[in-house]
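In: okay, predicted coordinates and the sequence, questions at the end:
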Amino acid sequence: MRFNRLIQIGTLFLALLILVGCGPSRNEPTPTPTKTPAPAVSDTAQPAVSTPVPPAAPTVALSAPQTASDGASRATVNATELNVRSGPGTTFDVVRSITQGQQFDVVTLSDDQAWVQLAENGAPIGWTAAEFLTLDSALTGAPAAVDNTAAASAPAAAGAPITYLPPTMLSPDFGAQAFLWWRPEVSDRDLMLMKDGGFNWVKQSFAWETIEGAGKGVFDWTIADRVVREVNKDGLKLLARVSVDPDLGTFWAGHPPGNSADFADYVRALAERYNCTPQATGCIQAFQIWNEPNLAREWGNNRPNPAEYAQFLGQAYRAIKAVHPNAIVINAGMAPTGDDSALAMPDDKFYDLMYQAMGGNSDGYFDMLGVHGAGFAAPPEIDPAEADNNDRYGGHRFFAFRRVEDIRAIMERYGDGDKKVVILEFGWTFDPINPSYRWHGADAGIDQMVQADYMKRAFEYAEANWQPWIGVMSLLTMPNLDWLNDGNPQDEEQYWWAIMEPSPVDQLNFRAAYIVLCDYFNRKNGQFCPYDPARQ
């Protein structure tokens, strides 16, 4: 499937050659957190099959490699073109390239199974990333296959096990939020765009009320099954946000913290159905437990309470691990705020008190720590201290993308430095309309080009300064077709965070951010962005 790539390419993409910094900004005393609304219901449709493009290669070190059970193990290249390197990581020299369909002998796997040493005619030729290969026989201590397409939605060959992508993260890894639930007519297209763009992870809400809304134990898996299978088929990993719409008027389970036992039962059912085994309906690799509990509106309109959330989180963790032991469980990201009242709690205070409630030990509560990292009016490299001292950037530390480092310091203070940080939401808006966002959008000099530049530079900063502890960085956002429902998407604040324009399935309306990131992610793996206007 290929699209009309020329829509809106002209002048916009000529400007991609010169990315400029932002202009003057205006500060607002407190940020308004970005809200992910519950979408409206639409009809369903079957997805089309897409052709995946390999994600960016990881940087890892070799340690106690896994060895092949015999010399007959074979690997088939499933990427268009793939670099072979002198060692297991992108810091090693490229020694040659190989192409789709070529087959090689497998010599060994790195300890984390992310890299494979290949041989040709009995002689080793170098290392390449496992996610770009299909391995056709068992390896000692490794899965029987590492297939990047993971065609879970297609019938498996007789006797052949279904293989899903492993629950592992690069540092950094590339993800984005998508809206796949109510819009099946564009969901497969958007997944293809993410795959083509070099993203490895898709974040999707699995709202409790949309699956178990009819009552305790009454599940409707219809849409969830489609979404999971589409993501699995298109060779992406899935991060499921599990929560409820905070604006939901009535719900049989009530609100937190009183609904914690029922919520644990729900996430157990979800994790068991999608536990990535050959018998499973599909595979969800990671779970985000709730959203922004440091805001009263997200915590049943109760005063934020880190101890209550820690208990809530621990129950969900145990429920998931009982049926899906390899899943990555991530705590909710907190809203960046300085408000300390019945309505909100500062994010750093909430994390600190959460650690205290866990007894200073996060084992049994989460595998990786979730944070939010909006950049507001500041470039991604700005130190939080500068944002704190400069009204241009908002006058608080939490107005900086590097606020993530403040939260990381809390982890390290409690001896949790061996766990990764996952940025569950981050980005920059160029909103010129909505007052709560305009001050750090258009009024701060941020337009499409600056947004694109800042996003790329955020990934570059993380790679240069946050390895190995940074995991997935999930940006805001792929577009939501529902923004067009009233004929005016511009009144939707999320519209201005998106990296593409919302458009029907037969159109593609690019923004600078998608093209810049597509080029950046693909070039890291020696590929090129298929939508690069210079190649049209």
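Out: Structure's in. What do you need? None of the values given here were measured: they were computed from a predicted structure. Numbering: from 1, shown residues only.

In: from now on I want contacts and neighbour counts done on CA atoms only, so please keep to that.
Out: Will do.

In: okay, now Ala214: neighbour count?
Out: 13 (other Cα atoms under 10 Å).

In: please name the nearest non-neighbouring residue to it.
Out: Spatially, and ignoring its direct neighbours in sequence, Ala214 is nearest to Trp252 (8.0 Å; Cα to Cα, 6 or more residues apart in numbering).

In: how far away is that neighbour from Gln311?
Out: Trp252 sits 21 Å away from Gln311, going by Cα to Cα, to the nearest Å.

In: flag every buried residue along whatever helix or strand Val450 lives in.
Out: According to DSSP states H and E, Val450 maps onto helix 448-465. Of all the residues in helix 448-465, those buried under the rule 16 or more other Cα atoms under 10 Å are 448-463.

In: what about stretch 444-460, average pLDDT?
Out: Confidence for stretch 444-460, expressed as mean pLDDT, is 98.

In: please state the offset of that stretch from the chain centre?
Out: The chain centre lies 18 Å from the centre of stretch 444-460; the measure is Cα atoms, centre = their mean, to the nearest Å.

In: next one: stretch 105-121
Out: For stretch 105-121, the separation from the chain centroid amounts to 27 Å (computed by Cα atoms, centre = their mean).

In: only alpha carbons, please: show it as PDB.
Out: The C-alpha coordinates for stretch 105-121 follow below in PDB (Å, rounded to 0.1, in the frame of the first residue of the first chain):
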ATOM      1  CA  ASP A 105      24.400 -18.900   9.400                       C
ATOM      2  CA  VAL A 106      24.000 -17.800  13.000                       C
ATOM      3  CA  VAL A 107      27.200 -17.900  15.100                       C
ATOM      4  CA  THR A 108      25.900 -16.500  18.400                       C
ATOM      5  CA  LEU A 109      23.500 -14.000  20.100                       C
ATOM      6  CA  SER A 110      24.400 -11.300  22.500                       C
ATOM      7  CA  ASP A 111      23.300 -11.800  26.100                       C
ATOM      8  CA  ASP A 112      20.300  -9.500  25.700                       C
ATOM      9  CA  GLN A 113      19.500 -11.200  22.400                       C
ATOM     10  CA  ALA A 114      19.400  -7.800  20.600                       C
ATOM     11  CA  TRP A 115      22.300  -8.600  18.300                       C
ATOM     12  CA  VAL A 116      23.200 -11.600  16.200                       C
ATOM     13  CA  GLN A 117      26.600 -12.600  14.800                       C
ATOM     14  CA  LEU A 118      26.300 -13.900  11.300                       C
ATOM     15  CA  ALA A 119      28.500 -16.100   9.200                       C
ATOM     16  CA  GLU A 120      28.800 -16.800   5.500                       C
ATOM     17  CA  ASN A 121      30.500 -19.900   4.000                       C
END
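
In: just want the most central residue of the protein.
Out: Centroid check for the chain by Cα atoms, centre = their mean gives Gly175 as the closest residue, at 3.2 Å.

In: that one and Gln204 touch, don't they?
Out: No: between Gly175 and Gln204 there is no contact under Cα atoms under 8 Å: 10.7 Å.

In: re the thing from before, ok, Trp252 and Gln311, which is more surrounded?
Out: Between Trp252 and Gln311, Gln311 has the larger neighbour count (other Cα under 10 Å), namely 17 against 13.

In: tell me how far the more buried one lies from Phe366.
Out: The spacing between Gln311 and Phe366, counted by Cα to Cα, is 12 Å.

In: ok, now Ala130?
Out: Computed as Cα to Cα, the Ala130 to Phe366 distance reads 27 Å.

In: kindly report the same for Glu405.
Out: 19 Å.

In: looking at the two, which is more packed in?
Out: Between Glu405 and Phe366, counted using other Cα under 10 Å, the more crowded position is Phe366 (24 against 16).

In: what strand or helix carries the more buried one?
Out: Judged by DSSP H and E, Phe366 forms part of no helix or strand.

In: follow-up on the earlier one: send the alpha carbons of the helix holding Val450 over as PDB?
Out: What follows is helix 448-465 as a C-alpha-only set of coordinates in PDB (Å, rounded to 0.1, in the frame of the first residue of the first chain):
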ATOM      1  CA  GLN A 448       5.900  23.500  12.900                       C
ATOM      2  CA  MET A 449       9.600  23.800  12.000                       C
ATOM      3  CA  VAL A 450      10.700  24.600  15.600                       C
ATOM      4  CA  GLN A 451       8.500  21.800  16.900                       C
ATOM      5  CA  ALA A 452      10.200  19.300  14.500                       C
ATOM      6  CA  ASP A 453      13.700  20.600  15.500                       C
ATOM      7  CA  TYR A 454      13.000  20.400  19.200                       C
ATOM      8  CA  MET A 455      11.700  16.800  19.000                       C
ATOM      9  CA  LYS A 456      14.700  15.600  17.100                       C
ATOM     10  CA  ARG A 457      17.100  17.400  19.500                       C
ATOM     11  CA  ALA A 458      15.300  15.800  22.400                       C
ATOM     12  CA  PHE A 459      16.100  12.400  21.100                       C
ATOM     13  CA  GLU A 460      19.700  13.500  20.400                       C
ATOM     14  CA  TYR A 461      20.100  14.900  23.900                       C
ATOM     15  CA  ALA A 462      18.800  11.700  25.400                       C
ATOM     16  CA  GLU A 463      21.100   9.500  23.400                       C
ATOM     17  CA  ALA A 464      24.100  11.700  24.300                       C
ATOM     18  CA  ASN A 465      23.300  12.200  28.000                       C
END
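
In: beyond it, next helix or strand please.
Out: Downstream of helix 448-465, the first helix or strand assigned by DSSP H and E is strand 470-475.

In: and the contacts of that following strand?
Out: 169-177, 201-203, 420-427, 459, 462 (Cα atoms under 8 Å, 6 or more residues apart in numbering).
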